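1. The sequence and its predicted three-dimensional model are supplied below.
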Amino acid sequence: MFAFARNTITLGRSASRVAPNVRSLAAFQQTADKHTLVLVRHGESTWNLENKFTGWYDCPLSPKGEEEVVEAGRQIKAAGIVPSVAFTSMQKRAIKTLQGCLEETDLMWLPTTKAWELNERHYGALQGLDKQETVDKHGKDQVLIWRRSYDIPPPTVDKSSPHHPSNDPRYADQDFPEEWTESLKTTLERVTPYYEKNIVPELKAGKDVIIAAHGNSLRALVKHLDDIGEDVIAELNIPTGTPLIYELDDDLKPIPQEGAIAPLSGRYLGDQDAIRARIEGVKNQTK
Ligand SMILES: O=C(O)[C@@H](CO)OP(=O)(O)O
């Protein structure tokens, strides 16, 4: 089943609020009602460009990343999507990405929440290392396990490391273990409860939501939304600066979208060949 046209859905929502004599029509349309969730991985960052493990390091967008986020905003606007509430991480590459999208859609005023739970996965002792040099030193297979296994985290950092969050004032209100790193599993264990507690109520209230976040925090979120298995999620890479549109039914289950790239049921906006090439590019950072 594919999504209904957007204006049909809008009619459905208002119809369900009006007269009892259109209740049967409203009941039908209620089943087609949907909630739009826009996910955007940040545009290319300077450390993506330098091919370094980034995690919670707060690097900016590269010049190409700045262009990607403007284009992402234009695509959201061209698709007729008008989010009414926004979420992002505590990291400037995602914050700037959100701002770029909101600027292009003339929605800079949108209520926005920044949450560390939407941060990139912390890459432990790999943060700051060149990805290809790490392959040369530890082997491709080991690095792939650190990058894409579900529950095997990279080596930890302790509080003596500048990469430990206890040394960053933006996390002063949080307690992190002495030895810190994250796998996709532990990333999911903070992304999913945050989504359920803070974002689901907005969707249920009828608001369309935009989230600008990161490759691995979004992998965790789509794993949850699409119920993707641990083996399959290992193969999933999310391209930079490319809006990924989920339409959710009234139970907030994804409605499969035409043109979606499996295993996702959301669809990417933009040139599909270019998007597939970008996905390959993320995969090939550690050849
Ligand atoms: O370095 C990182 O933080 C992430 C995203 O850029 O990399 P990877 O795709 O290797 O998980």
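-> All right, it came through fine.
2. contacts, neighbours, all on C-alpha from now
-> Will do.
3. Output stretch 252-269 as PDB, restricted to C-alpha atoms.
-> Presented in PDB, the C-alpha positions along stretch 252-269 are these (Å, rounded to 0.1, in the frame of the first residue of the first chain):
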ATOM      1  CA  LEU A 252       2.600   5.600  14.200                       C
ATOM      2  CA  LYS A 253       3.600   2.600  12.100                       C
ATOM      3  CA  PRO A 254       5.300   3.600   8.900                       C
ATOM      4  CA  ILE A 255       3.200   3.500   5.700                       C
ATOM      5  CA  PRO A 256       5.400   2.100   2.900                       C
ATOM      6  CA  GLN A 257       6.300   4.900   0.500                       C
ATOM      7  CA  GLU A 258       6.600   4.600  -3.300                       C
ATOM      8  CA  GLY A 259      10.300   4.700  -4.200                       C
ATOM      9  CA  ALA A 260      11.500   3.700  -0.700                       C
ATOM     10  CA  ILE A 261      14.900   1.900  -0.600                       C
ATOM     11  CA  ALA A 262      14.600  -1.300   1.400                       C
ATOM     12  CA  PRO A 263      14.700  -2.000   4.300                       C
ATOM     13  CA  LEU A 264      13.300   1.500   4.800                       C
ATOM     14  CA  SER A 265       9.600   2.400   4.300                       C
ATOM     15  CA  GLY A 266      10.400   6.100   4.200                       C
ATOM     16  CA  ARG A 267      11.400   7.700   0.900                       C
ATOM     17  CA  TYR A 268      14.400   9.900   0.300                       C
ATOM     18  CA  LEU A 269      13.800  13.200  -1.500                       C
END
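4. Give me the contacts around that stretch.
-> Residues outside stretch 252-269 that contact it (Cα atoms under 8 Å, 6 or more residues apart in numbering) are 1-3, 35, 75-76, 200, 222, 225-226, 228, 232, 242-249, 275.
5. Same question for stretch 167-178.
-> In contact with stretch 167-178 (Cα under 8 Å, 6+ apart) are residues 90, 116, 158-159, 161-162, 165-166.
6. Take these and lay them out in CSV including distance to P263 and neighbour count.
-> As requested, the contacts of stretch 167-178 are exported to CSV (distance: Cα to Cα, whole Å; neighbours: other Cα atoms under 10 Å):
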residue, distance to P263, neighbour count
M90, 28, 20
W116, 27, 17
D158, 36, 17
K159, 38, 15
S161, 37, 13
P162, 37, 12
P165, 33, 23
S166, 36, 21
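7. just the strands in this protein please.
-> Per DSSP state E, the chain carries strands over the ranges 35-41, 85-88, 112-114, 209-213, 244-248, 267-268.
8. which of the ones you listed sits most buried?
-> strand 209-213 (a mean of 27; mean count of other Cα atoms under 10 Å).
9. tell me the angle that strand makes with strand 35-41.
-> Computed by axes from the mean of the first three to the mean of the last three Cα atoms, to 10 degrees, the angle separating strand 209-213 from strand 35-41 equals 20 degrees.
10. Which positions in the protein make contact with the ligand?
-> 48, 52-55, 147, 215, 282 (Cα under 6 Å from any ligand atom).
11. What about those, which are in helices?
-> If you go by DSSP state H, those have 48, 147, 215, 282 in helices.
12. biggest separation within those, which pair?
-> N48 and R147 (14.0 Å; Cα to Cα).
13. who's in contact with G100?
-> 66, 69-70, 73.
14. Check the residue nearest to D130 when sequence neighbours are not counted and give its pLDDT.
-> Nearest residue to D130, sequence neighbours excluded (Cα to Cα, 6 or more residues apart in numbering): K52, at 4.3 Å. For K52, the model assigns a pLDDT of 98.
15. And for V40?
-> Reading off the model, V40 has pLDDT 98.
16. Same question for S24.
-> 39.
17. who touches the residue lying closest to G206 once chain neighbours are set aside in this structure?
-> The shortest distance from G206 to any non-neighbouring residue, by Cα to Cα, 6+ apart, is to H35 (6.8 Å). Contact analysis of H35 by Cα under 8 Å, 6+ apart lists 203-204, 206-208, 247-250, 252.
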